[in-house]
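Engineer: Could you look at this predicted model? Sequence included:
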Amino acid sequence: RKEVEQDPGPFNVPEGATVAFNCTYSNSASQSFFWYRQDCRKEPKLLMSVYSSGNEDGRFTAQLNRASQYISLLIRDSKLSDSATYLCVVNERNNAGKSTFGDGTTLTVKP
Amino acid sequence: NAGVTQTPKFRVLKTGQSMTLLCAQDMNHEYMYWYRQDPGMGLRLIHYSVGEGTTAKGEVPDGYNVSRLKKQNFLLGLESAAPSQTSVYFCASSRPGSGNTIYFGEGSWLTVV
């Protein structure tokens, strides 16, 4: 079993739809969590951190469920420009080399 | 603000040739990493460094060597390139205490023929 697992998708949604991705992790010592976005043939870029209380950034909402060991990303009112691969990242605190990336979930938003 | 810079961006090698990928960061980050990403696949950690003069193996270190002689630079070497090393290579850096937010370079596309 992988340490961090994501549904690879692809998720194909129409513009304006709401879509949610989940990411499960196996290491209960994990301390910090992030969502990254990767466009085709580009480097991953930080989308948002995930805080215990949940956090929102515009149309994006991230949540953490420590008890069930998963994080989620909700995208409301999807735009064509949201089409990308979304990677979840799980870190042990201050432990370089222990940043574990999921393989990503691919989202395609269609007109 | 340059962030993480990788050179070269593209390179074609013949099997058995050697080369070095250069990575430089201007954010004064302690940690640096080299990942590879094959088509349609996730990132795999090759080697990483927690500070100047230190290196450690990641998930897929075989066939690669690294050096961190200066804090801002992290070099990835291929001593004898193989077609299986055809990939996109991403350098990244992070700072301890920031939750380890990782910042990536733009990638280096390597083809071994």
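Structural biologist: On my side now, so go ahead.

Engineer: B:Thr15 and B:Val112 touch, don't they?
Structural biologist: Yes. With contact defined as CB atoms under 8 Å, B:Thr15 reaches B:Val112; the gap is 6.0 Å. Heads up, the C-betas are built off the backbone N, CA and C, glycines and all.

Engineer: who touches both of the two?
Structural biologist: B:Ala81, B:Ala82, B:Pro83 (CB atoms under 8 Å, 6 or more residues apart in numbering or on different chains).

Engineer: Tell me the one among the residues you listed nearest to B:Ser67.
Structural biologist: Proximity of the shared contacts of B:Thr15 and B:Val112 to B:Ser67 (CB to CB) peaks at B:Ala81, which lies at 17.7 Å.

Engineer: before we move on, what SS does the closest one have?
Structural biologist: coil (DSSP: H, G, I helix; E, B strand; the rest coil).

Engineer: I'd like to know how many residues surround residue 36.
Structural biologist: In the absence of a named chain, this looks at chain A. Per other CB atoms under 10 Å in any protein chain shown, the neighbour tally for A:Tyr36 reads 23.

Engineer: could you do chain B instead?
Structural biologist: Using other CB under 10 Å, B:Arg36 has 23 neighbouring residues.

Engineer: helix or strand for it, which one?
Structural biologist: strand B:31-37 (DSSP states H and E).

Engineer: who does that strand touch, helix- and strand-wise?
Structural biologist: Packing contacts for strand B:31-37, counted by 3 or more CB pairs under 8 Å, 6 or more residues apart in numbering or on different chains; DSSP states H and E, involve strand B:19-25, strand B:43-49, strand B:73-78, strand B:87-94.

Engineer: ok, residues contacting that strand?
Structural biologist: Applying CB under 8 Å, 6+ apart, the external contacts of strand B:31-37 come out as A:96-97, A:99, B:21, B:23, B:25, B:43-51, B:58, B:60, B:64, B:66, B:68, B:74, B:76, B:85, B:87-96, B:100, B:102, B:107.

Engineer: How about stretch A:31-50?
Structural biologist: A:55, A:57, A:60, A:62-64, A:71, A:73, A:84-93, A:101, A:104, B:43, B:88, B:90, B:99-107.

Engineer: If we go by neighbour counts, what in it is buried?
Structural biologist: A:32-38, A:43-44, A:47-50 (16 or more other CB atoms under 10 Å in any protein chain shown).

Engineer: ok, so of these, who is nearest A:Val4?
Structural biologist: Using CB to CB, those come closest to A:Val4 at A:Phe33, 9.8 Å.

Engineer: If you drop the residues flanking it in sequence, what lies closest to the closest one?
Structural biologist: Of all residues not flanking A:Phe33 in the chain, A:Val50 sits nearest, at 3.9 Å (CB to CB, 6 or more residues apart in numbering or on different chains).

Engineer: ditto for B:Val12
Structural biologist: That would be B:Thr111: by CB to CB, 6+ apart, it lies 4.8 Å from B:Val12.

Engineer: in its sheet, what does the helix or strand hosting the one you found sit against?
Structural biologist: Taking DSSP H and E as the criterion, B:Thr111 maps to strand B:108-112. Neighbouring strands of strand B:108-112 in its sheet, by DSSP bridges, are strand B:10-13 (parallel), strand B:87-94 (antiparallel).

Engineer: Local confidence estimate at residue 103?
Structural biologist: No chain was given, so I picked chain A. A:Asp103 is assigned 93 on the pLDDT scale.

Engineer: Switch to chain B, please.
Structural biologist: At B:Tyr103, pLDDT is 94.

Engineer: Much appreciated, bye for now.
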